[in-house]
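**Q** Attaching a predicted model along with its sequence, questions to come.
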Amino acid sequence: MLPEISSAMLVVTHRCNLECRYCFVKQKDEDMDLETARAAARFLAGNARRAGTAPAINFFGGEPMLRWEGLLRPLAREIRAEGRPFRLSVTTNGTLLTEERMEEMHRLGFGLLLSMDGARGVQDANRPFHGGGGSFERLERVIPGALRRWPGVTLRMTAAPWSCGGLFESIRWAEGMGFRSFFVIPDVFSRWDGGSWGALEREVMRYAAYVRSRREAGRAYIRFSALEGALDDADKLRTAEGRASLAARGRAENKCGLGAGRFASIAPDGGIYACQELCSNAGPESPFYIGSLAGGVSEERRRALMAEYFSERPRGEAGCGGCPYEGACDGGCAANNYFAAGRVNILPAAYCRWKRLLLRAAERIKEGEG
Ligand code: SF4
Ligand code: SF4
């Protein structure tokens, strides 16, 4: 028997107040109602009780704060009033946060994940409101209150071909605001030409030079977990044991679980998917659909997706020849692979280039440490 699902991305709406130029959500006027959310919470709590673990919900969208009054707040209040040991968090674009809402979220024990691309020029180019107008100014007002309540909150950024020349400036801006960590991934679905990729490389290398100088001076710096991971990879890739441990770490069960572990995503209509990225883009015909709150979870569908995942080694769109990760690859994101190539094991070229770029940046940092 596969583990029962006790942790979920609860996709509470397919609507959003922003119109990000790289958005993967198929925005539509579809919300989860409170009864479905309650059913999801009961489903997760029951499974967690049997497994002897704590249930968890991350509210996701679209923009989940559009459902603050109608769903997040009443559900969280009920959960807390009943004393249920839920871990609650929200992934938000931040524009609908207010002091009052943040105060109550904090009191209710919410964790926060903030999606934002950084400095004004980049944020406004990438993440405008519907109908136009940048979102930077509103966020700039909200961030100090967010950081006061969640000092460890990570900024989740996307690097896009048209604005990636401002990446390092955005990282420094985030550091100046008080963020201690960020995460960035390139938009793997856009077209990267030599010019835009070259700009991204320069920006990552500027960050590497900054990290190197901070480390040499024994000073703190704003951290990027994927680059910290690449520093570790650079050592591991040198030995057979290290390569084997990287290959094992890359398997789905050690990442999101691909629907076969404790984690899944629940769509507004109660459909259960292996990944939140599929909730607005696909229906029961998708291999990522693994059941529903009403009909139960299908062990067969969960196993079929895992079987597809393990049916072949991951490989890049353009092959893997000469890639330092060959034989030790993490396989990228199965959902993104599926969107880009229709296969869970074929990685978009931009992702492969990104992995190699981070490794080069890590090696640059290590050179300075002899
Ligand atoms: S905030 Fe998220 S859901 Fe909204 S437009 Fe941007 S990427 Fe899409
Ligand atoms: S990162 Fe891409 S090119 Fe490198 S081994 Fe993995 S799939 Fe192949």
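**A** Cool, got the structure. All values reported here derive from a predicted model rather than from experimental measurement. Ligands and ions are numbered 1, 2, ... in the order given.

**Q** Touching, Arg356 and Cys320? I think so.
**A** No: counting by CB atoms under 8 Å, Arg356 sits too far from Cys320 to count as a contact (10.8 Å). The C-beta positions use only the backbone N, C-alpha and C, and glycine is treated the same way.

**Q** Just list the residues touching Gly283, thanks.
**A** By CB atoms under 8 Å, 6 or more residues apart in numbering, the residues touching Gly283 are 271, 289.

**Q** can you pull out the strands in the stretch 151-300 of the chain?
**A** Remark: strands of the stretch 151-300 of the chain, listed N- to C-terminal, are 155-159, 181-186, 223-224, 263-266, 271-273, 289-292, 296-297; assignment by DSSP state E, counting those that start in this stretch.

**Q** just checking, what packs against the second one?
**A** In terms of contact count using 3 or more CB pairs under 8 Å, 6 or more residues apart in numbering; DSSP states H and E, strand 181-186 is assigned the packing partners strand 155-159, helix 167-177, strand 223-224, helix 225-236, helix 349-367.

**Q** how much does the second one deviate in direction from strand 181-186?
**A** To tie it back to what came earlier, the one meant is helix 167-177. Relative orientation of helix 167-177 versus strand 181-186 (axes from the mean of the first three to the mean of the last three CA atoms, to 10 degrees): 160 degrees.

**Q** start the count at 176, not 1, going forward
**A** Will do, 176 is the new start, and the previous item becomes helix 342-352.

**Q** how about helix 342-352: buried residues?
**A** By 16 or more other CB atoms under 10 Å, the buried positions in helix 342-352 come out as 342-350, 352.

**Q** how near is the closest residue to ligand 1 within the stretch 326-475 of the chain to Thr266?
**A** Of all residues in the stretch 326-475 of the chain, Thr333 sits closest to ligand 1, at 7.8 Å by CB to the nearest ligand atom. Between Thr333 and Thr266 the distance is 13 Å, computed by CB to CB, to the nearest Å.

**Q** Pull up the overlap in contacts between those two.
**A** By CB under 8 Å, 6+ apart, the residues touching both Thr333 and Thr266 are Ser290.

**Q** more crowded one of these two?
**A** The neighbour count for Thr333 versus Thr266, taken as other CB atoms under 10 Å, is higher for Thr333 (24 against 18).

**Q** and the more buried one, what pLDDT?
**A** Per-residue pLDDT puts Thr333 at 97.

**Q** what's the answer for Gly237, then?
**A** At Gly237, pLDDT is 94.

**Q** among the helices and strands packed on strand 356-361, which is the most enclosed?
**A** Stretch with highest mean neighbour count among these: strand 330-334 (a mean of 23; mean count of other CB atoms under 10 Å).

**Q** CA atoms only: put it into PDB for me.
**A** What follows is strand 330-334, C-alpha atoms only, in PDB (Å, rounded to 0.1, in the frame of the first residue of the first chain):
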ATOM      1  CA  LEU A 330      11.400  35.100  -1.800                       C
ATOM      2  CA  ARG A 331      10.400  32.800  -4.700                       C
ATOM      3  CA  MET A 332      11.500  34.400  -8.000                       C
ATOM      4  CA  THR A 333      11.200  33.500 -11.700                       C
ATOM      5  CA  ALA A 334      13.800  34.600 -14.100                       C
END
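
**Q** tell me the angle the helix or strand containing Asn512 makes with strand 356-361.
**A** Element membership for Asn512 (DSSP states H and E) is helix 509-516. Using the same axes, to 10 degrees, the direction of helix 509-516 lies 20 degrees away from that of strand 356-361.

**Q** and helix 509-516, average pLDDT?
**A** 90.

**Q** Would you mind listing the outside residues contacting it?
**A** 199, 363-364, 427, 431, 433, 449-450, 452-453, 456, 462-463, 484, 489, 492, 506, 518-523, 526.

**Q** Tell me the buried residues within those residues.
**A** For the contacts of helix 509-516, a neighbour count by 16+ other CB under 10 Å gives the buried set as 199, 363, 427, 431, 433, 449-450, 452-453, 456, 462-463, 484, 489, 506, 519-523, 526.

**Q** Which ones among the residues you listed map onto helices?
**A** 484, 526 (DSSP state H).
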